[in-house]
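# no FASTA, just this:
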(Lines give C-alpha, C1' and ligand atoms only; values in the text may rest on other atoms or scores of the structure.)
Protein backbone atom coordinates (compact mmCIF):
# COMPACT_ATOMS: atom_id res chain seq x y z
CA UNK A 1 0.00 0.00 0.00
CA UNK A 2 1.04 3.57 -0.52
CA UNK A 3 1.29 4.29 3.19
CA UNK A 4 4.84 2.91 3.08
CA UNK A 5 5.75 5.82 0.88
CA UNK A 6 4.20 8.31 3.28
CA UNK A 7 5.91 9.84 6.26
CA UNK A 8 4.53 9.29 9.72
CA UNK A 9 3.17 12.84 9.74
CA UNK A 10 1.38 12.25 6.41
CA UNK A 11 -0.27 9.07 7.71
CA UNK A 12 -1.29 10.86 10.91
CA UNK A 13 -2.80 13.70 8.89
CA UNK A 14 -4.90 11.27 6.85
CA UNK A 15 -6.06 9.49 10.00
CA UNK A 16 -7.15 12.84 11.46
CA UNK A 17 -9.04 13.66 8.26
CA UNK A 18 -10.68 10.25 8.43
CA UNK A 19 -11.78 10.93 12.00
CA UNK A 20 -13.26 14.30 11.03
CA UNK A 21 -15.05 12.71 8.12
CA UNK A 22 -16.60 10.13 10.44
CA UNK A 23 -17.67 12.88 12.85
CA UNK A 24 -19.23 14.82 9.98
CA UNK A 25 -21.12 11.67 8.99
CA UNK A 26 -22.64 11.33 12.45
CA UNK A 27 -20.33 8.77 14.06
CA UNK A 28 -19.46 9.41 17.71
CA UNK A 29 -15.68 9.57 17.37
CA UNK A 30 -13.96 11.31 20.27
CA UNK A 31 -10.68 13.16 19.96
CA UNK A 32 -8.99 10.60 22.21
CA UNK A 33 -10.08 7.83 19.84
CA UNK A 34 -8.51 9.66 16.90
CA UNK A 35 -5.30 9.95 18.94
CA UNK A 36 -5.45 6.20 19.66
CA UNK A 37 -5.90 5.55 15.94
CA UNK A 38 -2.79 7.59 15.11
CA UNK A 39 -0.80 5.67 17.71
CA UNK A 40 -2.07 2.39 16.30
CA UNK A 41 -0.52 3.14 12.91
CA UNK A 42 2.93 2.94 14.48
CA UNK A 43 2.27 -0.63 15.68
CA UNK A 44 1.24 -2.20 12.38
CA UNK A 45 2.67 -2.86 8.93
CA UNK A 46 1.50 0.12 6.89
CA UNK A 47 2.32 -1.79 3.75
CA UNK A 48 -0.67 -4.04 4.42
CA UNK A 49 -3.83 -2.05 3.78
CA UNK A 50 -6.05 -4.65 5.43
CA UNK A 51 -4.16 -4.28 8.73
CA UNK A 52 -4.53 -0.51 8.61
CA UNK A 53 -8.26 -0.83 7.94
CA UNK A 54 -8.76 -3.18 10.91
CA UNK A 55 -6.67 -1.04 13.25
CA UNK A 56 -8.47 2.20 12.42
CA UNK A 57 -11.91 0.63 12.56
CA UNK A 58 -11.17 -0.97 15.93
CA UNK A 59 -9.99 2.30 17.47
CA UNK A 60 -12.61 4.67 16.04
CA UNK A 61 -15.82 2.70 15.41
CA UNK A 62 -17.72 1.36 18.41
CA UNK A 63 -21.07 0.52 16.82
CA UNK A 64 -21.83 -1.70 13.80
CA UNK A 65 -24.22 0.84 12.27
CA UNK A 66 -21.23 3.04 11.38
CA UNK A 67 -19.31 0.29 9.53
CA UNK A 68 -20.56 1.35 6.09
CA UNK A 69 -19.71 4.96 6.84
CA UNK A 70 -16.22 3.90 7.92
CA UNK A 71 -15.63 1.75 4.82
CA UNK A 72 -16.56 4.59 2.47
CA UNK A 73 -14.45 7.11 4.38
CA UNK A 74 -11.47 4.76 4.65
CA UNK A 75 -11.47 4.09 0.90
CA UNK A 76 -11.58 7.81 0.30
CA UNK A 77 -8.67 8.69 2.57
CA UNK A 78 -6.59 5.54 2.01
CA UNK A 79 -7.38 4.49 -1.58
CA UNK A 80 -6.00 1.24 -2.88
CA UNK A 81 -3.97 2.95 -5.59
CA UNK A 82 -3.39 6.55 -4.53
CA UNK A 83 -1.35 8.85 -6.70
CA UNK A 84 1.57 9.16 -4.32
CA UNK A 85 2.34 5.42 -4.60
CA UNK A 86 2.74 5.32 -8.36
CA UNK A 87 6.18 4.80 -9.82
CA UNK A 88 7.98 7.92 -10.98
CA UNK A 89 7.85 6.74 -14.56
CA UNK A 90 4.08 7.24 -14.59
CA UNK A 91 4.55 11.00 -14.83
CA UNK A 92 2.67 13.46 -12.63
CA UNK A 93 0.43 10.75 -11.17
CA UNK A 94 -3.29 10.43 -11.18
CA UNK A 95 -3.96 14.07 -12.05
CA UNK A 96 -2.17 13.62 -15.37
CA UNK A 97 -4.19 10.49 -16.14
CA UNK A 98 -7.61 11.66 -15.01
CA UNK A 99 -9.20 10.59 -18.29
CA UNK A 100 -8.00 7.00 -17.84
CA UNK A 101 -8.91 7.09 -14.16
CA UNK A 102 -12.50 8.04 -14.95
CA UNK A 103 -12.67 5.51 -17.78
CA UNK A 104 -11.41 2.78 -15.43
CA UNK A 105 -13.71 3.84 -12.61
CA UNK A 106 -10.88 4.44 -10.07
CA UNK A 107 -12.39 7.59 -8.56
CA UNK A 108 -11.62 7.84 -4.80
CA UNK A 109 -7.92 8.58 -5.28
CA UNK A 110 -8.68 11.06 -8.06
CA UNK A 111 -11.12 12.92 -5.81
CA UNK A 112 -8.52 13.23 -3.04
CA UNK A 113 -5.89 14.56 -5.42
CA UNK A 114 -8.22 17.00 -7.18
CA UNK A 115 -9.24 18.48 -3.85
CA UNK A 116 -5.60 18.76 -2.78
CA UNK A 117 -4.72 20.49 -6.05
CA UNK A 118 -7.65 22.84 -6.53
CA UNK A 119 -9.82 23.36 -3.43
CA UNK A 120 -7.53 26.00 -1.89
CA UNK A 121 -7.68 24.48 1.58
CA UNK A 122 -4.05 25.36 2.31
CA UNK A 123 -4.88 29.08 2.39
CA UNK A 124 -7.68 30.93 4.14
CA UNK A 125 -10.54 28.61 4.98
CA UNK A 126 -13.86 29.83 3.67
CA UNK A 127 -17.30 28.29 3.31
CA UNK A 128 -17.74 24.65 2.33
CA UNK A 129 -19.50 25.64 -0.90
CA UNK A 130 -16.68 27.98 -1.89
CA UNK A 131 -14.02 25.25 -1.67
CA UNK A 132 -16.19 22.65 -3.39
CA UNK A 133 -16.91 24.94 -6.34
CA UNK A 134 -13.25 25.95 -6.51
CA UNK A 135 -12.30 22.27 -6.76
CA UNK A 136 -14.92 21.69 -9.47
CA UNK A 137 -13.68 24.65 -11.50
CA UNK A 138 -10.04 23.63 -11.20
CA UNK A 139 -10.78 20.03 -12.14
CA UNK A 140 -12.54 21.15 -15.34
CA UNK A 141 -14.99 18.25 -15.28
CA UNK A 142 -16.31 18.96 -18.76
CA UNK A 143 -12.82 18.49 -20.22
CA UNK A 144 -12.34 15.35 -18.16
CA UNK A 145 -15.58 13.90 -19.55
CA UNK A 146 -14.43 14.61 -23.08
CA UNK A 147 -10.99 13.09 -22.48
CA UNK A 148 -12.47 9.99 -20.84
CA UNK A 149 -14.77 9.45 -23.80
CA UNK A 150 -11.78 9.57 -26.13
CA UNK A 151 -9.81 7.22 -23.86
CA UNK A 152 -12.62 4.66 -23.90
CA UNK A 153 -15.03 5.14 -26.85
CA UNK A 154 -17.08 2.17 -25.69
CA UNK A 155 -18.04 3.98 -22.48
CA UNK A 156 -21.69 5.07 -22.71
CA UNK A 157 -22.70 8.66 -22.02
CA UNK A 158 -24.95 7.56 -19.17
CA UNK A 159 -22.17 5.61 -17.47
CA UNK A 160 -19.69 8.44 -17.97
CA UNK A 161 -22.10 10.99 -16.50
CA UNK A 162 -22.75 8.66 -13.55
CA UNK A 163 -19.01 8.41 -12.87
CA UNK A 164 -18.61 12.19 -13.06
CA UNK A 165 -21.50 12.59 -10.61
CA UNK A 166 -19.84 10.08 -8.29
CA UNK A 167 -16.54 11.94 -8.59
CA UNK A 168 -18.28 15.19 -7.64
CA UNK A 169 -19.83 13.52 -4.60
CA UNK A 170 -16.45 12.16 -3.54
CA UNK A 171 -14.81 15.57 -3.99
CA UNK A 172 -17.53 17.27 -1.94
CA UNK A 173 -17.18 14.65 0.80
CA UNK A 174 -13.39 15.13 0.81
CA UNK A 175 -13.75 18.89 1.22
CA UNK A 176 -16.23 18.39 4.09
CA UNK A 177 -13.89 15.93 5.77
CA UNK A 178 -10.93 18.29 5.57
CA UNK A 179 -12.92 21.25 6.82
CA UNK A 180 -14.18 19.19 9.74
CA UNK A 181 -17.59 19.40 11.42
CA UNK A 182 -19.56 22.64 10.84
CA UNK A 183 -18.48 25.35 13.22
CA UNK A 184 -20.92 26.84 15.66
CA UNK A 185 -22.50 30.21 15.01
CA UNK A 186 -19.78 32.42 16.46
CA UNK A 187 -20.55 35.64 14.58
CA UNK A 188 -21.69 38.07 17.27
CA UNK A 189 -22.23 41.13 15.06
CA UNK A 190 -25.47 42.18 13.36
CA UNK A 191 -27.04 39.64 11.04
CA UNK A 192 -26.92 42.20 8.23
CA UNK A 193 -23.08 42.05 8.31
CA UNK A 194 -22.73 38.28 7.86
CA UNK A 195 -20.86 37.64 4.60
CA UNK A 196 -22.78 35.36 2.26
CA UNK A 197 -19.81 33.42 0.89
CA UNK A 198 -18.04 32.89 4.22
CA UNK A 199 -21.09 32.09 6.35
CA UNK A 200 -21.57 28.84 8.22
CA UNK A 201 -24.86 26.98 7.89
CA UNK A 202 -26.06 28.46 11.19
CA UNK A 203 -25.19 31.97 10.04
CA UNK A 204 -26.99 31.45 6.72
CA UNK A 205 -30.09 30.45 8.70
CA UNK A 206 -29.84 33.75 10.59
CA UNK A 207 -29.72 35.64 7.31
CA UNK A 208 -32.63 33.62 5.90
CA UNK A 209 -34.78 34.45 8.92
CA UNK A 210 -33.91 38.16 8.63
CA UNK A 211 -34.68 38.65 4.93
CA UNK A 212 -38.50 38.71 5.05
CA UNK A 213 -38.87 41.06 8.07
CA UNK A 214 -36.16 43.29 6.63
CA UNK A 215 -38.02 43.44 3.30
CA UNK A 216 -41.18 44.66 5.09
CA UNK A 217 -39.24 47.36 6.94
CA UNK A 218 -37.55 48.36 3.70
CA UNK A 219 -40.86 48.61 1.81
CA UNK A 220 -42.34 50.83 4.55
CA UNK A 221 -39.26 53.06 4.49
CA UNK A 222 -39.45 53.49 0.72
CA UNK A 223 -43.16 54.35 0.96
CA UNK A 224 -42.52 57.02 3.62
CA UNK A 225 -39.77 58.56 1.51
CA UNK A 226 -42.07 58.87 -1.50
CA UNK A 227 -44.98 60.30 0.49
CA UNK A 228 -42.76 62.87 2.19
CA UNK A 229 -41.37 64.25 -1.04
CA UNK A 230 -42.45 67.85 -1.59
CA UNK A 231 -40.89 68.19 -4.99
CA UNK A 232 -42.11 69.07 -8.45
CA UNK A 233 -43.47 72.15 -10.22
CA UNK A 234 -45.90 74.52 -8.49
CA UNK A 235 -49.55 73.78 -9.28
CA UNK A 236 -50.85 77.33 -9.85
CA UNK A 237 -54.51 76.34 -10.08
CA UNK A 238 -54.54 74.52 -6.76
CA UNK A 239 -52.40 77.19 -5.09
CA UNK A 240 -54.77 79.98 -6.22
CA UNK A 241 -57.84 78.04 -5.09
CA UNK A 242 -56.31 77.43 -1.66
CA UNK A 243 -55.36 81.13 -1.31
CA UNK A 244 -59.01 82.26 -1.54
CA UNK A 245 -59.42 81.36 2.12
CA UNK A 246 -56.54 83.68 3.07
CA UNK A 247 -57.56 86.74 1.06
CA UNK A 248 -55.52 85.78 -1.97
CA UNK A 249 -52.29 85.29 -0.02
CA UNK A 250 -50.73 81.95 -1.09
CA UNK A 251 -49.77 80.68 2.34
CA UNK A 252 -50.12 77.06 1.21
CA UNK A 253 -48.26 76.29 -1.99
CA UNK A 254 -49.45 73.23 -3.90
CA UNK A 255 -47.02 71.15 -5.95
CA UNK A 256 -47.42 68.82 -8.85
CA UNK A 257 -45.80 65.85 -7.25
CA UNK A 258 -44.12 63.59 -9.79
CA UNK A 259 -45.36 60.05 -9.94
CA UNK A 260 -42.62 57.74 -8.70
CA UNK A 261 -41.37 55.33 -11.30
CA UNK A 262 -42.38 51.80 -10.43
CA UNK A 263 -40.27 49.74 -12.80
CA UNK A 264 -41.14 46.43 -14.30
CA UNK A 265 -38.36 44.34 -12.85
CA UNK A 266 -36.56 41.31 -14.27
CA UNK A 267 -34.35 39.39 -11.83
CA UNK A 268 -31.78 36.95 -13.26
CA UNK A 269 -29.91 34.92 -10.64
CA UNK A 270 -27.00 32.49 -10.83
CA UNK A 271 -27.84 29.60 -8.47
CA UNK A 272 -24.68 27.55 -9.02
CA UNK A 273 -22.26 26.73 -6.22
CA UNK A 274 -21.56 29.08 -3.37
CA UNK A 275 -23.47 32.03 -4.89
CA UNK A 276 -26.77 30.12 -4.73
CA UNK A 277 -27.69 31.27 -1.21
CA UNK A 278 -26.94 34.89 -2.10
CA UNK A 279 -29.20 34.65 -5.15
CA UNK A 280 -32.02 33.13 -3.09
CA UNK A 281 -31.78 36.00 -0.59
CA UNK A 282 -32.01 38.47 -3.47
CA UNK A 283 -35.03 36.69 -4.96
CA UNK A 284 -36.80 36.65 -1.59
CA UNK A 285 -36.08 40.33 -0.98
CA UNK A 286 -37.21 41.48 -4.42
CA UNK A 287 -40.36 39.35 -4.35
CA UNK A 288 -41.32 40.77 -0.96
CA UNK A 289 -41.04 44.30 -2.41
CA UNK A 290 -43.82 43.67 -4.92
CA UNK A 291 -45.59 46.87 -3.78
CA UNK A 292 -42.63 48.92 -5.02
CA UNK A 293 -42.46 47.49 -8.53
CA UNK A 294 -45.13 47.22 -11.19
CA UNK A 295 -44.33 43.60 -11.93
CA UNK A 296 -41.47 41.27 -11.07
CA UNK A 297 -40.40 38.30 -13.17
CA UNK A 298 -37.74 36.06 -11.64
CA UNK A 299 -35.33 33.78 -13.48
CA UNK A 300 -32.59 31.42 -12.29
CA UNK A 301 -29.81 29.67 -14.16
CA UNK A 302 -26.79 27.42 -14.07
CA UNK A 303 -25.93 26.64 -17.67
CA UNK A 304 -29.55 27.13 -18.75
CA UNK A 305 -32.18 29.69 -17.71
CA UNK A 306 -35.67 29.00 -16.39
CA UNK A 307 -38.42 31.23 -14.97
CA UNK A 308 -39.58 30.76 -11.37
CA UNK A 309 -42.07 33.64 -11.02
CA UNK A 310 -45.04 31.32 -10.47
CA UNK A 311 -43.00 29.03 -8.24
CA UNK A 312 -42.18 31.98 -5.97
CA UNK A 313 -45.86 32.89 -5.81
CA UNK A 314 -46.81 29.33 -4.83
CA UNK A 315 -44.19 29.28 -2.06
CA UNK A 316 -45.19 32.71 -0.73
CA UNK A 317 -41.87 34.18 -1.90
CA UNK A 318 -39.87 31.93 0.42
CA UNK A 319 -38.08 29.20 -1.50
CA UNK A 320 -35.51 26.52 -0.79
CA UNK A 321 -32.71 25.42 -3.16
CA UNK A 322 -34.16 21.90 -3.48
CA UNK A 323 -37.48 23.37 -4.65
CA UNK A 324 -35.74 25.23 -7.46
CA UNK A 325 -33.72 22.22 -8.60
CA UNK A 326 -36.76 19.94 -8.51
CA UNK A 327 -39.12 22.29 -10.35
CA UNK A 328 -36.89 23.92 -12.95
CA UNK A 329 -34.70 23.03 -15.89
CA UNK A 330 -31.51 24.98 -15.18
CA UNK A 331 -28.92 22.35 -16.08
CA UNK A 332 -28.50 21.64 -19.77
CA UNK A 333 -25.05 20.05 -19.91
CA UNK A 334 -22.48 19.57 -17.15
CA UNK A 335 -23.89 21.77 -14.40
CA UNK A 336 -21.24 24.51 -14.63
CA UNK A 337 -22.46 28.10 -14.93
CA UNK A 338 -22.41 29.35 -18.53
CA UNK A 339 -23.07 33.09 -18.55
CA UNK A 340 -22.64 33.53 -22.28
CA UNK A 341 -25.21 30.90 -23.24
CA UNK A 342 -27.64 32.04 -20.56
CA UNK A 343 -27.45 35.73 -21.53
CA UNK A 344 -28.12 34.83 -25.16
CA UNK A 345 -31.08 32.66 -24.13
CA UNK A 346 -32.38 35.45 -21.87
CA UNK A 347 -32.17 37.95 -24.73
CA UNK A 348 -33.94 35.68 -27.22
CA UNK A 349 -36.68 34.31 -24.98
CA UNK A 350 -37.38 37.14 -22.50
CA UNK A 351 -36.08 40.55 -23.51
CA UNK A 352 -36.61 40.47 -27.27
CA UNK A 353 -40.37 39.70 -27.08
CA UNK A 354 -41.10 42.58 -24.64
CA UNK A 355 -43.48 45.09 -26.25
CA UNK A 356 -44.28 47.45 -23.37
CA UNK A 357 -42.12 49.84 -21.33
CA UNK A 358 -38.44 49.00 -20.97
CA UNK A 359 -37.86 46.95 -17.81
CA UNK A 360 -35.13 47.19 -15.20
CA UNK A 361 -32.85 44.15 -15.03
CA UNK A 362 -31.12 42.94 -11.87
CA UNK A 363 -28.42 40.29 -12.35
CA UNK A 364 -26.83 38.46 -9.42
CA UNK A 365 -23.78 36.23 -9.71
CA UNK A 366 -20.00 36.08 -9.65
CA UNK A 367 -19.56 36.38 -13.46
CA UNK A 368 -17.38 33.25 -13.49
CA UNK A 369 -17.76 31.68 -16.92
CA UNK A 370 -15.73 28.49 -16.41
CA UNK A 371 -13.53 29.72 -19.27
CA UNK A 372 -16.42 29.59 -21.74
CA UNK A 373 -17.42 32.30 -24.17
CA UNK A 374 -18.60 35.27 -22.09
CA UNK A 375 -20.71 36.56 -25.02
CA UNK A 376 -20.73 40.25 -23.97
CA UNK A 377 -22.64 41.11 -27.17
CA UNK A 378 -25.68 39.35 -25.70
CA UNK A 379 -25.61 41.63 -22.65
CA UNK A 380 -25.06 44.63 -24.94
CA UNK A 381 -28.21 43.70 -26.87
CA UNK A 382 -30.12 43.27 -23.61
CA UNK A 383 -28.95 46.71 -22.43
CA UNK A 384 -30.47 48.35 -25.50
CA UNK A 385 -33.90 46.96 -24.55
CA UNK A 386 -33.72 47.68 -20.79
CA UNK A 387 -34.15 50.90 -18.88
CA UNK A 388 -31.43 50.01 -16.39
CA UNK A 389 -29.14 47.01 -15.68
CA UNK A 390 -27.66 46.46 -12.25
CA UNK A 391 -25.22 43.66 -11.43
CA UNK A 392 -24.71 42.44 -7.84
CA UNK A 393 -21.59 40.35 -7.21
CA UNK A 394 -21.10 38.63 -3.81
CA UNK A 395 -17.35 38.16 -4.27
CA UNK A 396 -14.86 40.68 -2.87
CA UNK A 397 -13.92 43.30 -5.45
CA UNK A 398 -10.29 42.17 -5.26
CA UNK A 399 -11.31 38.76 -6.68
CA UNK A 400 -13.09 40.18 -9.72
CA UNK A 401 -11.32 39.41 -13.01
CA UNK A 402 -9.24 36.65 -11.39
CA UNK A 403 -9.12 33.23 -13.02
CA UNK A 404 -12.38 32.81 -15.00
CA UNK A 405 -14.17 35.95 -13.71
CA UNK A 406 -15.38 38.22 -16.55
CA UNK A 407 -16.77 41.05 -14.44
CA UNK A 408 -14.94 43.81 -16.31
CA UNK A 409 -16.23 42.36 -19.60
CA UNK A 410 -19.84 42.77 -18.49
CA UNK A 411 -19.51 45.97 -16.45
CA UNK A 412 -19.53 48.46 -19.43
CA UNK A 413 -23.05 47.29 -20.34
CA UNK A 414 -24.43 47.86 -16.80
CA UNK A 415 -25.64 51.07 -15.17
CA UNK A 416 -24.31 49.90 -11.84
CA UNK A 417 -22.02 47.08 -10.68
CA UNK A 418 -21.89 46.49 -6.93
CA UNK A 419 -19.97 44.34 -4.49
CA UNK A 420 -22.68 42.81 -2.30
CA UNK A 421 -21.12 40.62 0.37
CA UNK A 422 -23.79 40.91 3.06
CA UNK A 423 -27.42 41.75 3.66
CA UNK A 424 -26.70 45.38 4.55
CA UNK A 425 -25.06 46.01 1.17
CA UNK A 426 -27.87 44.14 -0.59
CA UNK A 427 -30.53 46.37 0.97
CA UNK A 428 -28.56 49.54 0.12
CA UNK A 429 -28.26 48.49 -3.55
CA UNK A 430 -31.94 47.63 -3.87
CA UNK A 431 -32.98 50.94 -2.29
CA UNK A 432 -30.78 52.81 -4.77
CA UNK A 433 -32.22 50.84 -7.66
CA UNK A 434 -35.84 51.51 -6.64
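Yes, it's here. All of these numbers come straight from a predicted model, not from anything done at the bench.

# How many neighbouring residues does residue 373 have?
13 (other Cβ atoms under 10 Å). Every C-beta, even on glycine, is put in place using the N, C-alpha and C of the backbone.

# residue furthest from the geometric center of this protein?
residue 247 (67.2 Å; Cα atoms, centre = their mean).

# pretty sure residue 129 contacts residue 272?
No. If you go by Cβ atoms under 8 Å, residue 129 and residue 272 don't touch, sitting 9.9 Å apart.

# So between those two, which is more surrounded?
residue 272 (25 against 20).

# And that one, what's its pLDDT?
pLDDT for residue 272: 82.

# what's it in contact with, if anything?
133, 302, 335, 336, 337 (Cβ atoms under 8 Å, 6 or more residues apart in numbering).

# Distance check, it against residue 361.
From residue 272 across to residue 361, the span is 19 Å (Cβ to Cβ, to the nearest Å).

# again, but for residue 107
41 Å.

# Compare those two (neighbour count), which wins?
Per other Cβ under 10 Å, whichever of residue 107 and residue 361 has more neighbours is residue 361, with 27 against 23.

# part of a strand, is the more buried one?
Yes. Assigned with DSSP: H, G, I helix; E, B strand; the rest coil, residue 361 falls within a strand.

# Please report the distance of it from residue 433.
Distance from residue 361 to residue 433, by Cβ to Cβ: 10 Å.

# per-domain residue ranges of this structure.
With domains defined by automatic domain parsing, the chain comprises 2-179, 201-227+261-433, 229-259.

# got TSV for those domains, with distance to residue 193 too?
Shown next, in TSV, are the domains of the chain (distance: least, Cβ to Cβ, whole Å):
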stretch	distance to residue 193
domain 2-179	16
domain 201-227+261-433	5
domain 229-259	30
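
# tell me, how many neighbours does residue 333 end up with?
For residue 333, the count of nearby residues is 12 (other Cβ under 10 Å).

# Help me confirm that residue 391 is found in a strand?
Yes. Residue state for residue 391 (three-state DSSP) corresponds to a strand.

# And it, how close does it get to residue 369?
Distance, residue 391 to residue 369, by Cβ to Cβ: 14 Å.

# same check, this time on residue 350
The value you get for residue 350 to residue 369, if Cβ to Cβ is used, is 20 Å.

# between these two, who's got more neighbours?
residue 369 (22 against 19).

# for the chain, what spans make up the strands?
With DSSP state E as the definition, the chain shows strands at residue ranges 233-234, 255-256, 264-270, 295-301, 305-307, 360-364, 388-393, 416-419.

# where does the stretch 51-200 of the chain dip in pLDDT?
80-106, 122-127, 181-188, 200 (pLDDT under 70).

# Comparing the strands of the chain, which yields the minimum mean pLDDT?
strand 255-256 (a mean of 67).

# Grab the nearest non-local neighbour of residue 36.
Nearest non-adjacent residue to residue 36, counting by Cβ to Cβ, 6 or more residues apart in numbering: residue 59, 4.6 Å away.

# Neighbours of that neighbour, how many?
Residue 59, neighbours per other Cβ under 10 Å, totals 21.

# One more: the one 4 residues further on?
A total of 8 residues lie near residue 63 under the criterion other Cβ under 10 Å.

# The one 10 residues further on now?
The tally of other residues near residue 73 (other Cβ under 10 Å) stands at 25.

# which one is it nearest to, not counting chain neighbours?
For residue 73, the closest residue by Cβ to Cβ, 6+ apart turns out to be residue 21, at 4.5 Å.

# and what of residue 411?
Distances taken as Cβ to Cβ, 6+ apart place residue 417 nearest to residue 411, at 4.7 Å, with adjacent residues excluded.

# Distance-wise, check the one you found relative to residue 410.
Distance from residue 417 to residue 410, by Cβ to Cβ: 8 Å.

# cool, residue 366 as well?
Applying Cβ to Cβ, the value for residue 366 to residue 410 is 11 Å.

# and what of residue 148?
Computed as Cβ to Cβ, the residue 148 to residue 410 distance reads 33 Å.

# ok, those two, which is more surrounded?
Each of residue 148 and residue 410 has its neighbours counted (other Cβ under 10 Å); residue 410 has more, 26 against 20.
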